[in-house]
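Participant: below: sequence and its predicted model.
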Amino acid sequence: MSTAVANNLSISLIVPQMNRGENINNRMKSAPPSPLSTSKTSPPSTLSLLQPGTPRNFKRSLSTPVVKTRRVSLGQGCGMLDWIKLCRNTEDMAGTGGDELIVTEDELARHCTVEDAWTCIRGKVYNITPYFKFHPGGVDDLLKGAGKDSTMLFDEAHKWVNVESMLKKCYVGTIMYLPKRDSIRTRSDSLSVPKPKIIIDGINRNALPRRGCEYTDDATVHTPQSPIHPTLDVTSEETDSSAIVVIPPSPVRKNSDASRPTMPYWDWNQTDDNINIQVVYTHNRGVQESDIVLDVDGKSFEAAIQFDGWIYQMDIALLHPVTHSKVFVHTTKVEFRLTKSTPHTHWKNIGNILPGHGQMVSEANREMKFRNCEIQSVTSVTHDTKIFTLSLPPTCHISVPIGHHVAIKPNEPGNDVERSYTPIENLITPDLRQDSNQSDIQLMIKLYKDGVMSKHLSTLKTGDHIKVGDPQGTFEVDKLEKVNDLVLIAAGTGFTPMIRVLNRFLTLPESSSKRNVQLIFANKTERDIAMRTELDNLAKEYKCLKITHILSTPDDHWNGLRGRVNADLLKTHLPSPEKDQNGLLVCVCGPLPFTAGISDILMDMNYSEESVHLFQ
């Protein structure tokens, strides 16, 4: 569509949401044709965009179905390390001369051959042409995503792969979606509208007020709310030239409108010192503190509560500023207690309700939010690894679930470097059962000489600030309660997610005397072993804990295992795969080649995918 036509249209897009675990094959078979589609050819049902050495068949999330991908034999010089070297030594792999482009669907579709292939994943366009010979799934599999948005297909196959890091040097720009001209039938060839409307989730984004302002009458747009819509032609009403494009969703599935949890309701009251906001959810039980994220900044109140894969959003411009906040979780409600900046001041109302407030959105469509956190301390753990203790703002609440991670980025304008790390906590001792300060986040980070983020982190000191994002992850901590044999296989700082998993497992009720836990900890040298003294003390206190250290480049004084974690070592130390029936869980974390190699070995040893979890 031409720009002139786009400027004369008021478009409302109603796009179905897809569950992370939904099978794309079922989606393609059952979904009716989209009115935006001009092609009669069905899209491919699978896409394999693997990093070299990606684990075979194992999934990152125990709840996400596995899309099995075939592997091809790669030639010499086409391994993962070769790809990394190519990225480091090549300036313009995207072929854009260093420019960041805005790419339309038509432009994307033109790059669909082996000689010139672009693809779009999560709104970002990449030139995947140089990656073809490095792709373990082969050229044909990768070509299925060329010239189109391959996000759903990519996520179905291997969502855990960090595509932004892997294809960083191939980044072309961002996608811009426009409705196709021949998919919109109107009463006249041209529509004249004074100001175009951009409708997202029923809200006209061009009519949104600035924070603290009231709604405009034109901001709210009523759209069909039925879980499943029939295929609709697009027409314009005589009294309104707005064109509404409806993309029919697939049949009922998790994260569809039909599976949406019962909408909670909220209310508020006040005391002389506090404002109390309650969210009541009588039909949605089991909410925990880790399901809640709260950000309050002066008059700005933003909260997100997770209900079984859905996020209930709250966004309020408060009438007056507040200084502190607390979160209380009850059986059927969540209470946010805010401290008034001026005590004994009576609030006439709560303030202004902002667009997006009171909506239930799919967790997959949740927008990442960052907040500034102060560095409380920096402590050395090894010669190149430090623990950064971060303090959340006093009006912020984040409780990172066990095994989940957070993204951090510098508190500098224009510096968008972003890395993810798993929070840790102190290893427990028999007389230490209390939780760490909920307002603190501890990150154990290895600093690399040439790392972009490492260079920034190495300059930080107490009192500096860094931005911390919302918790992310797929580990299901409740599964530990059913596990009798827990095996943790870690390499280097891949030990970080194991710390809290180990703590939780050792402090579970003594429901079984047969519980055992084993940590296989791989490092380069003896001085690289993090928390070695604490681990040794823990093994003395808990007879069910066995720790095995293995070093790849030890000195002559090392008496432990030497070399790398291989099949022979795992066959010697791991419980039999037949113990799956009795509750076996193997957790793996480390650099990608390590994780890939271990997962291949476990698959060859016939461990079931339900008994293995690979951390990011």
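Facilitator: Okay, I see it. Residues are numbered from 1 along each chain as shown.

Participant: could I get the pLDDT score of residue 149?
Facilitator: Residue 149 carries a pLDDT score of 89 in this model.

Participant: that one: neighbour count?
Facilitator: Neighbour count of residue 149, defined by other Cβ atoms under 10 Å: 19. (Glycine included, C-beta is placed from N, CA and C.)

Participant: and residue 458, by the same measure?
Facilitator: Considering only other Cβ under 10 Å, residue 458 is surrounded by 14 other residues.

Participant: likewise the one 10 residues further on?
Facilitator: A count of neighbours around residue 468, defined by other Cβ under 10 Å, yields 25.

Participant: give the bridge partners for it, please.
Facilitator: Assessed by DSSP bridges, residue 468 has beta-bridge partners residue 371, residue 408.

Participant: looking at the chain, which helix or strand is least sure?
Facilitator: Sorting the helices and strands of the chain by mean pLDDT, DSSP states H and E puts strand 10-14 at the bottom, at a mean of 34.

Participant: contacting residues around residue 81?
Facilitator: residue 593 (Cβ atoms under 8 Å, 6 or more residues apart in numbering).

Participant: mind checking the SS state of it?
Facilitator: Assigned with DSSP: H, G, I helix; E, B strand; the rest coil, residue 81 falls in the helix class.

Participant: begin at 42 from here
Facilitator: OK, 42 is where the count begins now, so the last one is residue 122.

Participant: local confidence estimate at it?
Facilitator: Residue 122 carries a pLDDT value of 71.

Participant: how close does it sit to residue 176?
Facilitator: Residue 122 sits 15 Å away from residue 176, going by Cβ to Cβ, to the nearest Å.

Participant: same deal with residue 535?
Facilitator: Going from residue 535 to residue 176 by Cβ to Cβ gives 25 Å.

Participant: the more surrounded of these two?
Facilitator: Between residue 535 and residue 176, counted using other Cβ under 10 Å, residue 176 has the larger neighbour count: 24 against 21.

Participant: with adjacent residues omitted, what lies nearest to the more buried one?
Facilitator: Nearest residue to residue 176, sequence neighbours excluded (Cβ to Cβ, 6 or more residues apart in numbering): residue 183, at 4.7 Å.

Participant: my guess is the one you found contacts residue 177, does it?
Facilitator: No. Taking contacts as Cβ atoms under 8 Å, residue 183 lies outside contact range of residue 177: 9.8 Å.

Participant: what about the helices in the chain?
Facilitator: Ranges of helices within the chain are 44-48, 65-71, 121-130, 146-150, 180-184, 192-199, 204-207, 493-498, 537-547, 573-582, 608-614, 633-645, based on DSSP state H.

Participant: send me the last one as CSV with only the CA atoms.
Facilitator: Pointing back at helix 633-645 there. Taking C-alpha atoms only, helix 633-645 is exported to CSV below (Å, rounded to 0.1, in the frame of the first residue of the first chain):
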residue,chain,number,x,y,z
LEU,A,633,26.0,-23.0,24.6
PRO,A,634,28.5,-25.7,23.4
PHE,A,635,28.5,-27.2,26.9
THR,A,636,24.7,-27.3,27.1
ALA,A,637,24.4,-28.6,23.6
GLY,A,638,26.9,-31.4,24.2
ILE,A,639,25.4,-32.5,27.5
SER,A,640,21.8,-32.6,26.1
ASP,A,641,23.0,-34.7,23.2
ILE,A,642,24.6,-37.1,25.6
LEU,A,643,21.5,-37.3,27.8
MET,A,644,19.4,-38.0,24.7
ASP,A,645,21.7,-40.8,23.6
